[in-house]
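Engineer: I'd like to go over a predicted model; first the sequence, then the structure.
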Amino acid sequence: MVKTDIKYSRIWQIAYPIILGSIAQNLINFTDTAFLGRVGEIALGAGALGGLFYLAVIMLGLGFSTGAQIIIARRNGEGKLKEIGQIIDQSLYFMVPLALFAFVLLRYWSIDILDYAVQSKAIFAETTIYMKYRAVGIFFAMGNMVFRAFYVGLAKTKVITYTTIVLAIVNITLDYILIFGHFGAPEMGVAGAAIASVIAEATALLYFIGYTFVTVKFSDYDLFLFKKPEYVKLFAILKVAIPIMMQQFISLSVWFIFFLFIEKLGEMALAVSNIVRSVYVILMIPIWGFATATNTLVSYIIGLKKQDEVLSLIYKIAGLTLVGVLGIVTIGVLFPTAILSVYTNDPVLIEMGKPVLSIVTIGVIFVGVGFIFFNGISGTGKTNISLSLEIIVLTIYLVYTYVIINVFNASVTMAWSSEIVYGTLMALVSILYLRTGHWKKSEI
């Protein structure tokens, strides 16, 4: 294994704005959960299921943009900057109809799916209200993803930090106003959380557009020329992106199914799991940042014809990720009551949440390492392999969860041990594949 000359400081320079940017959708989840936890268990459960359904659908767009990002990073490494604008244009041609499809799915078809899947009629009614408003945000979210692919692919990630700050301020402010009815606004509860999220995403997109027009020289990349669609180039992106789209959609869908299993344990179990899910997402933020940096840097150095340095690079990033995760996990272990109290003032929910939080903090360590090696595979361009591995791991994960809940009648705490199983398997299968070296001849 040849050691890479990419330093830890360079990895961190690329990763930390992505880490901050990863807060975007997750910050919406965090603030919605924190505020809805004060409304009641039903609102909290509805926000959980509605938010997960939305995230599962939005993963289709994120998967495509990740594929575009990987190709942009490869062209950047090859020095073919003029081809990057066409990648962005083809991405927009694809994302607009995808957003229309996603809107119909979220606004209309989701009602039938949720009616069939959700046991509690009260939670179903509130979730339906949430989806009615939240669906509109898909158009702005898809636009944000295209800009994110452009900047991450070029490793110019600071703008993601600025966009996240704008999104956070708007979402938190409007959550406070619309959920509880402050400053003369109507008290809207779950609907207020959804509307606040939509406006925050729209504001973030406007910031991306303004920043790009002010700071980017379009001629460097032949950006936004909007020539006619070139299906050869679109299919080249789709060849990389479709497996990622399917993998991320399936992954979030499986997590949605996991919460349906939890819902069968009762409304209290679902409320606790939603709180812990929000904490879990926060723990995952540095992991997502380093994972995105992994597939970008792996694709970039392959573009430089330095395939022999890939494993060294991935091990470096995995080490940084482990240090970052352990630092955050320590806070969860030392101050569980303080963390859970951010989401609820119900002492019963706090006590139920403590052991679940302990399991999750262990699981996130394994998931962190697994994600880095898994994204290393995606960065090589072998996204069809990463999809196959993800399906295998998720199948085992789902079977384990179903058996432990429905056969052994396990507690909500033991149900969350599935994250340890998932992370361990993800790390093992990814490392084994990367060590084979079959990915070295990959071209995109």
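Structural biologist: Structure's in. What do you need?

Engineer: the stretch 251-400 of the chain: helices as residue ranges?
Structural biologist: Per DSSP state H, counting those that start in this stretch, the stretch 251-400 of the chain carries helices over the ranges 267-303, 310-334, 336-341, 347-379, 383-402.

Engineer: what backbone torsions are found at Thr380?
Structural biologist: Backbone geometry at Thr380, expressed as degrees, to the nearest 10, gives phi -70, psi -10.

Engineer: give the burial count for it, as a bare number.
Structural biologist: For Thr380, the neighbour count with other Cβ atoms under 10 Å is 24. In short, each C-beta sits where N, CA and C put it, glycine included.

Engineer: start the count at 44 instead of 1 going forward.
Structural biologist: Shifting the count to begin at 44 puts that one at Thr423.

Engineer: can you pull the contacts of the closest residue to it other than its chain neighbours?
Structural biologist: Closest residue to Thr423 apart from its sequence neighbours, by Cβ to Cβ, 6 or more residues apart in numbering: Trp482 at 4.0 Å. When contacts are counted by Cβ atoms under 8 Å, 6 or more residues apart in numbering, Trp482 touches Ile420, Thr423, Gly424, Lys425, Ile428, Tyr476.

Engineer: just name the most buried of the helices of the stretch 294-443 of the chain.
Structural biologist: For the helices of the stretch 294-443 of the chain, the largest average neighbour count (mean count of other Cβ atoms under 10 Å) is found in helix 310-346, namely a mean of 24.

Engineer: okay if I get the helices of the stretch 294-443 of the chain as JSON lines plus mean pLDDT and distance to Ala142?
Structural biologist: Below are these laid out as JSON lines (pLDDT from 0 to 100; distance: least, Cβ to Cβ, whole Å):
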{"stretch": "helix 310-346", "mean pLDDT": "82", "distance to Ala142": "22"}
{"stretch": "helix 353-377", "mean pLDDT": "86", "distance to Ala142": "32"}
{"stretch": "helix 379-384", "mean pLDDT": "84", "distance to Ala142": "35"}
{"stretch": "helix 390-422", "mean pLDDT": "89", "distance to Ala142": "23"}
{"stretch": "helix 426-445", "mean pLDDT": "91", "distance to Ala142": "22"}
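
Engineer: how about TSV for those helices, with distance to Ile181 added?
Structural biologist: Supplementary listing: the helices of the stretch 294-443 of the chain in TSV, determined by distance: least, Cβ to Cβ, whole Å:
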stretch	distance to Ile181
helix 310-346	19
helix 353-377	30
helix 379-384	31
helix 390-422	24
helix 426-445	23
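
Engineer: what bits of the stretch 44-193 of the chain have low per-residue confidence?
Structural biologist: 44-45, 61, 63-73, 160 (pLDDT under 70).

Engineer: what residues does stretch 380-390 touch?
Structural biologist: Stretch 380-390 has contacts (Cβ under 8 Å, 6+ apart) with 76-77, 80-81, 87, 314, 318, 321-322, 374-375, 392-393, 396-397, 400.

Engineer: which of the residues you listed sits closest to Val179?
Structural biologist: Nearest to Val179, judged by Cβ to Cβ, of the contacts of stretch 380-390 is Thr76 at 20.6 Å.

Engineer: which residue packs closest to Ser321, ignoring adjacent ones?
Structural biologist: Going by Cβ to Cβ, 6+ apart, Ser321 has Thr76 as its nearest residue, at 4.3 Å.

Engineer: cool, and Val319?
Structural biologist: Nearest one to Val319, counting by Cβ to Cβ, 6+ apart, is Val399 at 4.8 Å.

Engineer: now do the one you found against Gly375, distance only.
Structural biologist: 11 Å (Cβ to Cβ, to the nearest Å).

Engineer: just the helices in the stretch 44-193 of the chain please.
Structural biologist: Under DSSP H, counting those that start in this stretch, the stretch 44-193 of the chain gives helices at 51-64, 66-79, 84-121, 127-147, 153-160, 164-177, 180-196.

Engineer: the last one to helix 310-346, inter-axis angle?
Structural biologist: Just to be clear, that refers to helix 180-196. 40 degrees (axes from the mean of the first three to the mean of the last three Cα atoms, to 10 degrees).

Engineer: next structured bit after helix 180-196?
Structural biologist: helix 201-223 (DSSP states H and E).

Engineer: which other helices and strands contact that following helix?
Structural biologist: Using 3 or more Cβ pairs under 8 Å, 6 or more residues apart in numbering; DSSP states H and E, the elements in contact with helix 201-223 are helix 51-64, helix 66-79, helix 180-196, helix 233-258.

Engineer: can you redo these as JSON lines with mean neighbour count and distance to Pro140?
Structural biologist: Shown next, in JSON lines, are those (neighbours: other Cβ atoms under 10 Å; distance: least, Cβ to Cβ, whole Å):
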{"stretch": "helix 51-64", "mean neighbour count": "19", "distance to Pro140": "26"}
{"stretch": "helix 66-79", "mean neighbour count": "23", "distance to Pro140": "22"}
{"stretch": "helix 180-196", "mean neighbour count": "24", "distance to Pro140": "10"}
{"stretch": "helix 233-258", "mean neighbour count": "20", "distance to Pro140": "18"}
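
Engineer: among those, which is nearest Pro379?
Structural biologist: helix 66-79 (16.2 Å).

Engineer: still on that earlier bit, out of the helices of the stretch 294-443 of the chain, which is closest to Phe301?
Structural biologist: helix 426-445 (5.7 Å).

Engineer: alpha carbons only: can I get that closest one in PDB?
Structural biologist: The C-alpha coordinates for helix 426-445 follow below in PDB (Å, rounded to 0.1, in the frame of the first residue of the first chain):
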ATOM      1  CA  THR A 426     -21.300   2.400  -7.300                       C
ATOM      2  CA  ASN A 427     -22.900  -0.800  -8.600                       C
ATOM      3  CA  ILE A 428     -20.700  -2.700  -6.200                       C
ATOM      4  CA  SER A 429     -21.600  -0.400  -3.300                       C
ATOM      5  CA  LEU A 430     -25.300  -0.800  -4.000                       C
ATOM      6  CA  SER A 431     -25.000  -4.600  -3.900                       C
ATOM      7  CA  LEU A 432     -23.100  -4.500  -0.700                       C
ATOM      8  CA  GLU A 433     -25.600  -2.100   0.900                       C
ATOM      9  CA  ILE A 434     -28.500  -4.400  -0.100                       C
ATOM     10  CA  ILE A 435     -26.800  -7.400   1.500                       C
ATOM     11  CA  VAL A 436     -26.100  -5.500   4.700                       C
ATOM     12  CA  LEU A 437     -29.500  -3.900   5.000                       C
ATOM     13  CA  THR A 438     -31.300  -7.200   4.400                       C
ATOM     14  CA  ILE A 439     -29.400  -8.700   7.400                       C
ATOM     15  CA  TYR A 440     -30.100  -5.500   9.400                       C
ATOM     16  CA  LEU A 441     -33.900  -5.700   8.600                       C
ATOM     17  CA  VAL A 442     -34.200  -9.400   9.400                       C
ATOM     18  CA  TYR A 443     -32.300  -8.900  12.700                       C
ATOM     19  CA  THR A 444     -34.600  -6.000  13.700                       C
ATOM     20  CA  TYR A 445     -37.800  -7.800  12.800                       C
END
